[in-house]
Each structure stands twice: as C-alpha cells, then as structure tokens.
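1. Just need the structure, nothing else, for what follows:
(2 chains)
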Amino acid sequence: MDHSILQKRFFDHALGKKILSCIQCGTCSASCPLNENMDHAPREIFALIRDGHMEEVLRSNTPWFCVSCYNCMSRCPKEIPVTDIMYMLKQMATELGLAPKTHKMQDMYHIFHKDIERHGRVSAIHLMSRYGMKHPGDMLGKMSLGLQLFKKNRLEISPQKIKHPQHLACMLGEKAKK
Amino acid sequence: MTYGFYPGCAYKTEAVYKHSVEAVCRVIGLELVTINDWNCCGATSIFSLDQMDGLVLTGRIFALAARQKLDTIITTCNACYTTLRKASKTFKTEPELTRRVNERLAIEGLAITTLPPVRHLLDVWSHDIDEALWSRKRAANFKPMKVASYYGCQLTRPWADIDDPEHPQIMDNFIARLGYEPVEHGAKTVCCGASHFITYEDSCRTLCERIVNEIKRKGGQAISTLCPLCQINIDAVQEKQRGPSLPVPYFTQLAGLSLGLPPSILGMDKLLTPMQTAGLKF
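-> This next block holds a predicted model:
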C-alpha cells in the first residue's frame, strides 16, 4: 500500500494534524497501563507516522491494546488527544483491512457489535459465550467466576432487548450505507 | 427532584447496581426517569471499529431523551458516562456528522434536538442533595469502617472537570458524609484493564492486584466503586490472590447501609467477596 496516500489520509484528519506538535517526551508511553504488550508504545507510533511508516503503524497491535484510560491524553504536555488518535487508527485499520487479525480485542469488538445489531443491548453471557467459542482457552480460567455469577443470579440467559432491534440494525454499518 | 436516567447494559443483571440505586433514591426523594427503549451506548468497542455506528448509538439515546423532554441524563457507569459525554461534544461541534446521524435516526422518526448534560449519579448525590441529609438519616446502629475509594478511569478523565483527573476527592468526601472513614491511597485512578480483562487476563491481573495491594497497605477494609466493570474486575481478581480479600461494594450500597436499609434489598449478597470479611455483621 502506498505510504504517502495513507499518511495524507491520516494528516487530512483534524486529529492527525495534532501529532505534529509531539515533542517525543514519552509521557504517553510511560503512562500507558498496557505498554508492555504493545509493538510500539504511543511515542514511537507518532515518530513512525511522521517518518512515513504508516502501514507498519496500522498493522501494529498498539491501538488495540489501548484501554481508553486517558492517562496519556490528560498528561500530554502538548495536549495531544492520544486516546482519540488511537480510536482513529483502529477505525482506519479496520476500514482498510490492515488491523492485526490475531489481536483478540478485535474479536471481542466484533462480537459486541453483533450483539447490538441483534438485540440493541449487550448481555454479558452472550458476549462471553460467543467469545469463548473462538477462544476457549481464555474461558477455561473464568469458569469458576462464571459459575459464581450464575449462582448469584447475576447472569440472565435471555438477552435484554430494545423494542425493535431490526430498526436499529438498519441504521448501523453496512446496512445503513446501502 | 426528577432526573433522566440511562441505566446501561450491565446495570440490572451483571452489575447488580439497580437494587441499591433505587432503594437509596427512594429514601432521599430523588426520582430517576428511565429513557424509554434505551440502547447500548457502544462503549469503547463500537467507537474502535466505526465512528458513525458509535454516533448513531449514542445519538439515538439523546434523541429518545429529547422525546421525553428530559433535561439531564444520569449514568451509573464510567464507560457510559464518558461515551455519552464524548458523543455530545462531537454533536455540538460537528454539524455535518450530526446531520448524517439524524438521517439514519429518521428510520425511527427520531432526531437529536437537544443535548442535555450527562452526569454521573455520584456527582448528583454529592452536589444536588443537601449534605446534612446523609448524617440526619444515618442509622443509629451504623458501624463505621475504613473505606478506600476506587474511581477507575473514565469518571475524571479525560474531563478533569468534576474533579482532579488523577487524585480525585469526590467519592472520598461522599463516603465521609455517610459516616465512613476515607482511606487515602495512590491507586484511585489506576486502570483495572476494563474489558481487556477478558482477552488479556494476565496483564490486567497485574493492574488489578496493584490496586488491591495498595489499598490493603493503606489499611482499607472495603473498596468503594462506581463502575460495573471496575467492580467485577477488582472483586474477581482477589479470588486467586493470596491473603484475605477486601469486599468491593458500590458507593450506592455503602450509602444504603449507612441509611440503615436491609442488606438484602441492596444486593449485598451478590458481591463475590462478602461484606462480612470487612468485619461488618448483618
């Protein structure tokens, strides 16, 4: 993919332009709770974008490990909306099909999206069982927790729904674009 | 006093928040009018995939609230709180995006016409209710204990308006009003890992244990929470941790106990770590 096109697309966005003021101090990287899991911590991401390595950035797992804690954003001395830029990178990577397929948060988000399309609301038990079918290993360690919640009547088997989920589904995603 | 209310998906079942919110609101004379047919706000998940979908979900909530002429939207979940506030800011500043969202909402005959302020219930109880009411209504047999407030991320960040983004006091002050002894500690806004706890448990376990250990070091007997995701993560992580566990009630449950409401109607039995471990006898 042509880097200059990707880079232009990033900087055409008002949020993208904000990283031009980054002074590479690393406050964002140091403030990130899951930085150890990332291919590149946020400071490096901004350096890579400015150097034109846009595809590497979009293929990296970094934005998918962003938990939206907003630590980086509230601490940045140049007031760069780091968390919002991570959202923008996730959306861009999804749209271009460059998001790292092995990152489990993507499965989580897509299952979440499906649950909303079907019911308008999300029920933990549906989310967990669908996710568990894709990643049984992750669910094994949570069986005891699930059982405890179930015993305490904290999981409802029938999904909670809005009145006309099909109307909402028409407003979302691909269906709305047609 | 009457306020519009957005419950969010976890409120009734998983979170078991509903019992204590409703019971305390009845005692203090605060009426919550639920937004009819509310949908999921999309939280961090949908905004990670598609901005437009996230705005349609949040836009529908604002449009429904407008139809009921609600002038405030109260939430009890940090994620709903920040998601709705962020969307509201977008609708205020991006007329073209708002127009496109309204086009989609028209399928149900809805439109974003007003953007009432979004507030957390803790903010409302702290600022809109007479401070003296809590001590006046306090149960005669109330037993104080040391409570550490855990705020999580999305109440004070990115906003930094209702309180300091990293060292907030609002819940500590509220807890003190209820008669508890607030515990100062350094993990008030340390991230619990949120939904990453499901997918990358080991990493998030480290985050949650750091919070629990800091509170234990500072002598807390219970951890007060205000977000369903924080509650479950901090409560669940302790099962596999060494040493005695600390109960993780909502600030609403602590308020109910202070008012002398029966623990059963506050959903106290639904907590994974029972309150009795904090030396409290029911």
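
2. Quick one: the helices in chain A, in order.
-> A:3-12, A:14-17, A:27-31, A:42-50, A:54-59, A:62-65, A:71-75, A:82-96, A:104-119, A:124-134, A:136-140, A:143-151, A:165-171, A:173-177 (DSSP state H).

3. Find the nearest non-adjacent residue to residue B:139, please.
-> Nearest residue to residue B:139 in three dimensions, chain neighbours excluded: residue B:260, at 2.7 Å (Cβ to Cβ, 6 or more residues apart in numbering or on different chains). C-beta: built from backbone N, CA, C; applies to glycine.

4. and the residue lying closest to residue B:18 once chain neighbours are set aside, what does it touch?
-> Using Cβ to Cβ, 6+ apart and skipping residues adjacent in sequence, the residue nearest residue B:18 is residue B:12, 5.0 Å away. For residue B:12, the contacting residues are A:156, A:160, B:18, by Cβ atoms under 8 Å, 6 or more residues apart in numbering or on different chains.

5. can I assume the first one is in contact with residue A:123?
-> Right, residue A:156. Yes: in this structure residue A:156 lies within contact range of residue A:123 using Cβ atoms under 8 Å: 6.4 Å.

6. Compare these two and say which is more crowded by neighbours.
-> A side-by-side neighbour count of residue A:156 and residue A:123, using other Cβ atoms under 10 Å in any protein chain shown, places residue A:123 first with 22 against 14.

7. low-confidence ranges in the chain?
-> In the absence of a named chain, chain A is used. Along chain A, segments meeting pLDDT under 70 span A:1, A:174-178.

8. look at chain B instead
-> Along chain B, segments meeting pLDDT under 70 span B:278-282.

9. about what we covered before: name the SS class of the residue nearest to residue B:18, please.
-> Residue B:12 falls in the coil class when you classify it by DSSP: H, G, I helix; E, B strand; the rest coil.

10. What values do phi and psi take at it?
-> phi -80, psi -50 (degrees, to the nearest 10).

11. where's it relative to residue B:217, distance?
-> Counting by Cβ to Cβ, to the nearest Å, the gap from residue B:12 to residue B:217 is 35 Å.

12. try residue B:226
-> For residue B:226, the distance to residue B:217 - Cβ to Cβ - is 22 Å.

13. Looking at those two, which is more packed in?
-> Neighbour count, other Cβ under 10 Å: between residue B:226 and residue B:217, residue B:226 has more, with 26 against 11.

14. Identify the residues contacting that one.
-> Per Cβ under 8 Å, 6+ apart, neighbours of residue B:226: B:76, B:78, B:120, B:121, B:122, B:151, B:152, B:155, B:171, B:250, B:251.

15. again with residue A:110
-> Here residue A:110 is in contact with residue B:49 (criterion: Cβ under 8 Å, 6+ apart).

16. Show me which residues of the stretch 151-282 of chain B are close to chain A?
-> B:153-154, B:157-158, B:160, B:165-166, B:190-191, B:193-196, B:198-201, B:203, B:207, B:236, B:239, B:269-270, B:272 (Cβ under 8 Å from any Cβ of the partner chain).

17. and these, which are buried?
-> By neighbour count, with 16 or more other Cβ atoms under 10 Å in any protein chain shown, those hold B:153-154, B:157-158, B:165-166, B:190-191, B:193-196, B:198-201, B:203, B:207, B:236, B:270, B:272 as buried.

18. Next step: those restricted to helices.
-> Assigned to helices by DSSP H, the following of those qualify: B:196, B:198, B:199, B:201, B:203, B:207, B:236.

19. Do I have it right that the fourth one meets residue A:138?
-> Okay, so that is residue B:201. Yes: counting by Cβ under 8 Å, residue A:138 is a contact partner of residue B:201 at 6.9 Å.

20. where's residue B:254 relative to residue B:261, distance?
-> Separation of residue B:254 from residue B:261 (Cβ to Cβ): 11 Å.

21. Between the two, point out the one with more neighbours.
-> Just comparing residue B:254 and residue B:261: by other Cβ under 10 Å the higher neighbour count belongs to residue B:254, 26 against 20.

22. May I ask which helix or strand encompasses that one?
-> According to DSSP states H and E, residue B:254 maps onto helix B:251-258.

23. Can you mark which positions in that helix are buried?
-> Neighbour count says helix B:251-258 has B:251, B:252, B:253, B:254, B:255, B:256, B:257, B:258 buried, by 16+ other Cβ under 10 Å.

24. elements contacting it?
-> helix B:18-28, helix B:121-127, helix B:170-178, strand B:222-224 (3 or more Cβ pairs under 8 Å, 6 or more residues apart in numbering or on different chains; DSSP states H and E).

25. Which parts of the chain belong to which domain?
-> Answering for chain A, as no chain was given. Taking automatic domain parsing as the reference, chain A has its domains at A:3-96, A:104-177.

26. Let me rephrase: I mean chain B.
-> According to automatic domain parsing, the domains of chain B span B:2-121, B:139-278.

27. all helices of the stretch 51-200 of chain B, in order?
-> Secondary structure of the stretch 51-200 of chain B, counting by DSSP state H, counting those that start in this stretch: helices at B:51-67, B:78-93, B:95-105, B:121-127, B:131-136, B:170-178, B:196-199.
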